[in-house]
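S.K.: coords below, sequence missing:
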């Protein structure tokens, strides 16, 4: 059974930065693409960024140029570096399986969701 533990969230002022970490445990093979999702209050969960085992990344338009996703396969970890944060980025961030457009990784069927990491951008 695959489990995800997100960490690194917090309160930051607009324009600030945060780095989220995701520890992936369980029987996960390096063949799966993974990604970061977020859910703001009253909104549906959305994919923010995804990455293949080989490092090919995809970003939603709202975070392009500001967020960077990275993956450490041997350590079963994934990261999301978030810069120039704004209030629209306030949400709970989750990691899970993801699909990466333009690649063979098209299966985004999620495993069990973790508790997520709260990111609050406020002055």
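M.R.: On my side now, so go ahead. What you see is a predicted model; the values in this text were computed from it and never measured. Residues are numbered from 1 along each chain as shown.

S.K.: which pLDDT value belongs to the most centrally placed residue in the chain?
M.R.: Centroid check for the chain by CA atoms, centre = their mean gives residue 36 as the closest residue, at 1.7 Å. For residue 36, the model assigns a pLDDT of 98.

S.K.: my read: it touches residue 18, true?
M.R.: No. Residue 36 lies out of contact with residue 18 (CB atoms under 8 Å); the separation is 11.9 Å. From N, CA and C alone the C-beta is placed, and that goes for glycine too.

S.K.: show residues contacting the helix or strand hosting the residue nearest to the centre of the chain.
M.R.: Using DSSP states H and E, the element containing residue 36 is strand 34-39. Contact partners of strand 34-39, identified using CB atoms under 8 Å, 6 or more residues apart in numbering, comprise 20, 22, 24, 45-51, 58, 69, 71, 78, 80, 89, 91-98, 100, 116, 119.
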